[in-house]
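J.: Whatever this is, show me its structure:
(3 chains)
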Amino acid sequence: MRASRRVTITASVLLLGCMLGSAVLLHRVDQVRTGATLQEILYITSPNVLKRMSLGYEGLLADVYWTRAVQYFGRKHMAYSQHYDLLAPLLEITTALDPHLVVAYQFGASFLAPHPPNGAGMPERAIHLMEYGIQNNPDDWKLYYNLGFIYYMDKKDYASAAEVFERGTKVANAHPFMKILAAQMAQHAGDLQTARMLWLATYQTTQEKQIRANAVAHLRALQVDEDVMHLQDAVTQYGRRTGHLPSSMSSLVAAGMLRGIPVDPDGHPYKLMPDGRIEVRQPDDFPFIEKGMPLGYKPPAKPKFKSLE
Amino acid sequence: MAAIEIIGLEKTYSVGFWRKRPKRALLPLQLAVEEGEIFGFLGPNGAGKTTTLKLLMGLVFPTSGSARILGMEWSDPRVKAQIGFLPEQPYFYDYLTARELLEYYAQLSGVPAKDRRPRVEAVLHRVGLPDVGGVQLRKFSKGMLQRVGIAQAILHEPRVVFLDEPMSGLDPMGRREVRDLMEQLKHEGKTVFFSTHILADAEALCDRVAIIHLGELRGVGVVADLTSSVHGRVEMVWQGTVVPLSIRALGAECHVTGDTVRAVLAEENQDAAIETLRREHLRLISVIPVRASLEDYFVQKLKPEEKMAGVTA
Amino acid sequence: MSGRIVHIASNTFREAVRDRVLYNLIAFALLLSGAAILVGQISIDIEKLVVINLGLTAVSLFGVVIAIFIGIGLVSKEIEKRTLYTVLSRPVRRWEFIVGKFFGLAGTLVVNTFFMAIGVFGALLYVAHRFNKPDAWVLVALYFIILQFLMICALGLLFSSFSSPLLSAVFAFALFVIGSFAEDLRGFAAMAHGVSRWLATGAAYLVPNFSALNVISSVAHEQAVSGQLIWYNTGYALLYAAMALCGAVLIFEHRDLK
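T.: Next up, the predicted model:
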């Protein structure tokens, strides 16, 4: 081969340079367009029109919209957004294009109903989405579970939750805990244990990363809440027995009220405040806790999610 | 200085899509062509003539070896302004007229703008197409395209002209014109390197020839030198229908036509045959030497199995 | 050297014109005038929207089809018909040939798009009776469409430099479709893990990204296009086209023209 070496070298260098440059610029373009992109996508909001435009490739288009929904929520959630206006239409389009995409319904159950910044704050639309899902997949017990979950967690409507769980137990192959949940609703609604069971079930019934991370965060928060309640009891008991507040955790241990210095799920010891309150050392690491926060605590602009690994 | 100097030029193609097999199109070739000569590059179809020309034109890259044209490396861009090339069975942009095509090529060859028009007109005249300059090439016959091809090869007045099978597709008149044109180029001091599988053309034109077969050079030299090694024959014609037995015994091929006999026999038996005719009182009409042609050279030099290969290739 | 590129480019343009490529303008004109008349009678509110959407989409699709069908033949056809032999045996470098071909095809498309643009604005005037300020964004959309054409031309040339026209057409169309979903492709890539994530991200950045160059619907809704986007898109499209051209040059430069 004796092609001109100069041309070869020049072209190779230029090629690499252009490749690099185009990637950089593409990245910039993405930054300029984050908001605009989805706005444009949703110029066509009618699933029926989209179905026709997909020329029979609805499955593929559903996958595309599903990815868009996940990306949309993920990006906004990272930014601690208060508005998730496009999540509902994106999920509705996804499920209209592919009514059997169960993970999309599960995603909706987890993130459509809760209040911002943890979700879109649209429990009604979430319920509507789940009913549509059940209508199309009546044999999937997970959907009943997810619908009951919304009623329980977001609507605090335990009667409806019980009814949905009950409906779910009738499905063939339904997980046995559906029966337990249905029973639990009547007696133990509002219990930490019930909540823990629900979140655990959510975690176990999906592979979707964001849903699982969300469930883990809730389970960790429940653990903290339970620990703090337990410790607070110990402090109260100590006070009742000795007439003064414990000076430190070790005095609680010494008094035989605790088996050891208690630690939170991250291994940090809980703090005993001078006024006898129990506090978490790193409240920012537990976005959903209801107990153990310092006085006047405000959640950070960017909530932290521990990864599953 | 040699106009073309080929130094061990070699080309091996790899053929096949999945499992590549090497196919040797040209074995290392050593050849020099002097300035101002008409050089014939001869060989049967598929011998490697076109491969050699493509290598010289930089259309394919050699596996090894190199070549110098007018003292410059073949890959030197400056060479290209000094050479003209007519490919085998040329085909041109058929949406252009002959005049447009030649003007385009003149532009690419760097002919100054003011010279282009006259140059194109002159060359159209020269190849015998003065009246069809404005006709689209898609309406041209094969012979006319060949003429356009020759026109584009000499358009920019190159010092060395490479012609791949320049006579193919031409009628006898056309062949004659192309021969004359090549002679003219020689008179203008240009070097002409042309390939052909037609021996008569080479014999009539070439100062020297090279013979190539199956990618290998088989001989280079002046045509007469090459053919002298092949024994000559004579053709004798006499009146009557009698063929003396002693002439037959000399190994002559005899044909009786009307009232004459035509016999072809080896040159060394000529005297014996004439003696016989005189004895038999037969009237001799003519004795013409049949000069050994390149064809005889081919027939005698190429081994039988190679001839087959040459035919099927 | 630049002279030869110009000559090759203008000959490429001449070839396209003589091969009656610009006849597509007739089909385009019929489509657009038919639509303008029909829409004008049917709906009052969205007639402008429809004309812009339909017009720009047609400009884009017609051009893409032309770019691909001419682009894929630019080099391979010249090799197949052996017209290249008499070009490359002149003082024309191989890279000049590629670059000249690119500019010739790009020029053809620019001229074609220019006439189509006149048609779109004509139809717009017909349905709206006057131009508004936001109509200027239609020009930006057209500019982006031309940028797309440049990328597709270069890609067509790239494929043409090593593959048969049929395969090249398949490749180019596939890339056009993939490129239109490139943002989603990057979305998919972001959801993968480990090595596959790297590979997918690499691939997503390597395929042409047409989504950002398609502002037809936002322009139809009279939305502004940010100046930043115009700059970045220009840079991106030019660099991408240059990259594909360099690839074509590299391949062609080493190719045996059998």
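J.: quick one: the residue nearest the centre of chain C and chain A, what's the gap?
T.: When C-alpha atoms, centre = their mean is applied to chain C, the residue found nearest the centroid is residue C:149 (1.4 Å). Separation of residue C:149 from chain A (C-beta to the nearest C-beta, to the nearest Å): 16 Å. Where C-beta positions appear, they are placed from N, C-alpha and C, glycine not excepted.
J.: And for residue C:237?
T.: Using C-beta to the nearest C-beta, residue C:237 is found at 9 Å from chain A.
J.: Give me the nearest residue to that residue, chain neighbours excluded.
T.: Leaving aside its sequence neighbours, residue C:237 sits nearest to residue C:147 (C-beta to C-beta, 6 or more residues apart in numbering or on different chains; 3.6 Å).
J.: so who does the one you found touch?
T.: Contacts for residue C:147 (C-beta atoms under 8 Å, 6 or more residues apart in numbering or on different chains) come out as C:213, C:233-234, C:237-238.
J.: Contact partners for residue 210?
T.: Looking at chain A here, since you left the chain open. Counted by C-beta under 8 Å, 6+ apart, residue A:210 has contacts A:70, A:73-74, A:77, A:107, A:110-111.
J.: that's the wrong chain, I meant chain B
T.: B:31, B:39-42, B:217, B:219-220.
J.: Can you give the contact residues for stretch A:152-159?
T.: With contacts defined as C-beta under 8 Å, 6+ apart, stretch A:152-159 is touched by A:113-114, A:123, A:126-127, A:151, A:161, A:185-186, A:189-190, A:194-195, A:198.
J.: Without its sequence neighbours, what residue ends up closest to residue B:73?
T.: residue B:66 is the one closest to residue B:73 (C-beta to C-beta, 6+ apart), at 6.7 Å.
J.: Hmm, residue B:7 and that neighbour touching each other?
T.: Yes: counting by C-beta atoms under 8 Å, residue B:7 is a contact partner of residue B:66 at 5.3 Å.
J.: any residues in contact with both of these two?
T.: Joint contacts of residue B:66 and residue B:7 (C-beta under 8 Å, 6+ apart) do not exist.
J.: I'd say residue C:163 and residue C:76 touch.
T.: Yes: taking C-beta under 8 Å as the definition, residue C:163 is a contact partner of residue C:76 at 7.2 Å.
J.: who has more neighbours, these two?
T.: Higher neighbour count among residue C:163 and residue C:76: residue C:76, with 21 against 18, using other C-beta atoms under 10 Å in any protein chain shown.
J.: For residue B:131, state which of the contacts of residue C:147 is nearest.
T.: Relative to residue B:131, the closest of the contacts of residue C:147 is residue C:238; by C-beta to C-beta it sits at 48.0 Å.
J.: What is the neighbour count of the closest one?
T.: Using other C-beta under 10 Å: residue C:238 sits among 18 other residues.
J.: Leaving out the residues flanking it, which one is nearest to it?
T.: Nearest residue to residue C:238 in three dimensions, chain neighbours excluded: residue C:150, at 7.2 Å (C-beta to C-beta, 6+ apart).
J.: which residues touch the one you found?
T.: For residue C:150, the contacting residues are C:106, C:237-238, C:241, by C-beta under 8 Å, 6+ apart.
J.: With respect to residue A:261, which of the residues you listed is nearest?
T.: So of the contacts of residue C:150, ranked by how close each gets to residue A:261 (C-beta to C-beta), first place is residue C:237, at 62.8 Å.
J.: For the helix or strand encompassing that closest one, list every residue counted as buried.
T.: With elements taken from DSSP states H and E, the one containing residue C:237 is helix C:227-253. For helix C:227-253, a neighbour-count test (16 or more other C-beta atoms under 10 Å in any protein chain shown) marks C:229-230, C:232-233, C:235-253 as buried.
J.: now for it, which elements pack on it?
T.: Counting contacts by 3 or more C-beta pairs under 8 Å, 6 or more residues apart in numbering or on different chains; DSSP states H and E, helix C:227-253 packs against helix A:5-41, helix C:94-128, helix C:136-160.
J.: pretty sure residue C:93 is touching residue A:7, no?
T.: Yes: counting by C-beta under 8 Å, residue C:93 does reach residue A:7; the two are 7.1 Å apart.
J.: List phi and psi for residue C:210.
T.: phi -90, psi -20 (degrees, to the nearest 10).
J.: what about residue A:64, which SS state?
T.: For residue A:64, the assignment made with DSSP: H, G, I helix; E, B strand; the rest coil gives helix.
J.: Tell me if I'm right that it and residue C:184 touch.
T.: Yes: the criterion here is C-beta under 8 Å, and residue A:64 meets it with residue C:184 at 4.9 Å.
J.: picking that back up, need the winner for burial among the helices and strands packed on helix C:227-253.
T.: Of all the helices and strands packed on helix C:227-253, helix C:136-160 has the most neighbours on average by mean count of other C-beta atoms under 10 Å in any protein chain shown, namely a mean of 24.
J.: thinking again about what came up before, spatially, which two of the contacts of residue C:147 are the most separated?
T.: Once C-beta to C-beta is applied, these give C:213 and C:238 as the farthest pair, at 11.9 Å.
J.: in the sheet, who's paired with residue B:287?
T.: Going by DSSP bridges, residue B:287 is paired in beta bridges with residue B:236.
J.: Pretty sure it sits against residue B:270.
T.: Yes: contact between residue B:287 and residue B:270 holds when scored by C-beta under 8 Å: they sit 6.8 Å apart.
J.: Neighbour count: those two, which is higher?
T.: Counted by other C-beta under 10 Å, residue B:287 and residue B:270 do not tie: residue B:270 has more neighbours, with 17 against 13.
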